[in-house]
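>>> I'd like to go over a predicted model; first the sequence, then the structure.
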Amino acid sequence: MNVFISYSRSDSSIADDISMRLRKDGDTVFVDRDSLPRGGEFDRRIRTEISTCDFLLFLISPKSIARGSYCRTELRFAKERWPHPEGYILPVIVSPTTFADIPSYLRSVTILEPEGSVVAEVAAEMDRHRGRITKTNRPAVLHPSPDLPILSEVESNVHAALHEKNIRALTRLWAVLSVVAVACFAVWKSIPDKERSLFLERFLNTTSRVCSQDITLVTGHADIGITDRANLVGLPFAKEAATFIEVTSLPPNTRIKRVIRWETAKDKTGQNFGPGDQFLYTVEMTEGPRHLKVAGQSSYNGDAKSFIRVFVEYEPVPAAKHD
């Protein structure tokens, strides 16, 4: 397991002996004197090592627990990692020390007071902890990058507050977007199926374009009052008739590619002349690039008229080839 040894410089000899023994037993040991690269940012690396180790060994001596010692800083880092040190920190007295002077955080766990060899008794105690701490039950830890700055407690609180504020803002945004999505879906569903189909034909088809042409079908005297006679088709009762209608809505330099569909519609004043099933008709392409052939007969023996709208797909007229 990964072991961090916190010690005073005056106890470096015993720290080295313990480190060698633990490494011999298969542990990875961090001792600042031989583990920190020269010129490295000391505080950041120490905090990183404590935040990622499995166990901390604290060598107690009057100098290591003295106020202002760096061991007390390492102890504070450990307390941030483990608010309850039981099972994660082993305090070991290596020099005679007044018990009341030992920080209460260390006194909250059993302190090892070797009676013989410090190294041997520490190794034996570590064997017991090593069996408990395994890869499967290690506490989850964060692995901060050595390139990231260490945040103070105030900075951490500010970051936490900003994070919570961002979460609230995202929640409100999600609620607004959900309302907008529901409203857009309701509007989309309110559009007639044929209009939705035309929309998809017109805007989602990337290889072609769509336009429409209005045509009036009449029989008998129903053509009276019709001013747009260019698109007028007379279909007599029980007789075949046909006429050719120019699709004036086509853009310049384009031609009809195919007839998509036709449907009963309303005229420009909003009036629907009557049901389209009074006429039996077809709409076809002709040999002319911009005309439609409307053919059929009336199924109603009398005056009748119906207004239809034809949808066609168009394409550019190919450029003429020059020899």
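Nice, I can see it.
>>> OK, contacts around Pro103?
By C-beta atoms under 8 Å, 6 or more residues apart in numbering, the residues touching Pro103 are Ile65, Arg72, Leu75. (C-beta placed from N, C-alpha, C; glycine too.)
>>> may I ask which helix or strand encompasses Glu313?
Per DSSP states H and E: Glu313 is located in strand 304-316.
>>> what's that strand packed up against?
Here strand 304-316 is seen to pack against helix 193-203, strand 209-219, strand 254-264, strand 279-285, strand 291-298 when contacts are counted using 3 or more C-beta pairs under 8 Å, 6 or more residues apart in numbering; DSSP states H and E.
>>> sheet partners, orientation included, of that strand?
The strands that strand 304-316 pairs with in its sheet are strand 209-219 (antiparallel), strand 254-264 (antiparallel) (by DSSP bridges).
>>> among these, which is the most enclosed?
Comparing the strands paired with strand 304-316 by mean neighbour count (mean count of other C-beta atoms under 10 Å), strand 209-219 ranks first with a mean of 20.
>>> tell me where the stretch 51-200 of the chain has helices.
Along the stretch 51-200 of the chain, counting by DSSP state H, counting those that start in this stretch, helices occupy 70-81, 104-107, 118-132, 153-190, 193-203.
>>> dump the ones you listed to CSV, plus mean neighbour count, distance to Met285 and mean pLDDT.
Formatted as CSV, the helices of the stretch 51-200 of the chain follow (neighbours: other C-beta atoms under 10 Å; distance: least, C-beta to C-beta, whole Å; pLDDT from 0 to 100):
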stretch, mean neighbour count, distance to Met285, mean pLDDT
helix 70-81, 18, 79, 91
helix 104-107, 14, 90, 92
helix 118-132, 15, 85, 87
helix 153-190, 10, 32, 81
helix 193-203, 13, 17, 64
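>>> right, so of these, which gets closest to Pro318?
When these are compared by C-beta to C-beta, helix 193-203 sits nearest Pro318, at 22.5 Å.
>>> name the helices or strands packed onto the host helix or strand of Val3?
Using DSSP H and E, the element containing Val3 is strand 2-6. Applying 3+ C-beta pairs under 8 Å, 6+ apart, we find strand 2-6 packed against helix 12-24, strand 28-30, helix 42-52, strand 55-60, helix 70-81.
>>> if we use 10 Å, what do you get?
Helices and strands touching strand 2-6, by 3 or more C-beta pairs under 10 Å, 6 or more residues apart in numbering; DSSP states H and E, are helix 12-24, strand 28-30, helix 32-35, helix 42-52, strand 55-60, helix 70-81, strand 89-93, helix 118-132.
>>> touching, His84 and Ser108? I think so.
Yes. Counting by C-beta atoms under 10 Å, His84 touches Ser108, with 7.8 Å between them.
>>> what is the neighbour count of the residue nearest to Asn253 when sequence neighbours are not counted?
Leaving aside its sequence neighbours, Asn253 sits nearest to Val317 (C-beta to C-beta, 6 or more residues apart in numbering; 5.2 Å). Val317 has 12 neighbours, counted by other C-beta atoms under 10 Å.
>>> gap between Val317 and Phe307?
Computed as C-beta to C-beta, to the nearest Å, the Val317 to Phe307 distance reads 29 Å.
>>> returning to what we had before: can you redo the strands paired with strand 304-316 as JSON lines with distance to Val283?
Formatted as JSON lines, the strands paired with strand 304-316 follow (distance: least, C-beta to C-beta, whole Å):
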{"stretch": "strand 209-219", "distance to Val283": "8"}
{"stretch": "strand 254-264", "distance to Val283": "5"}
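>>> contacting residues for the residue nearest to Asn253?
By C-beta atoms under 10 Å, 6 or more residues apart in numbering, Val317 lies in contact with Pro252, Asn253, Thr254, Arg255, Pro289, Arg290.
>>> confidence score at it?
For Val317, the pLDDT comes out at 87.
>>> do the same with Arg258
pLDDT, Arg258: 87.
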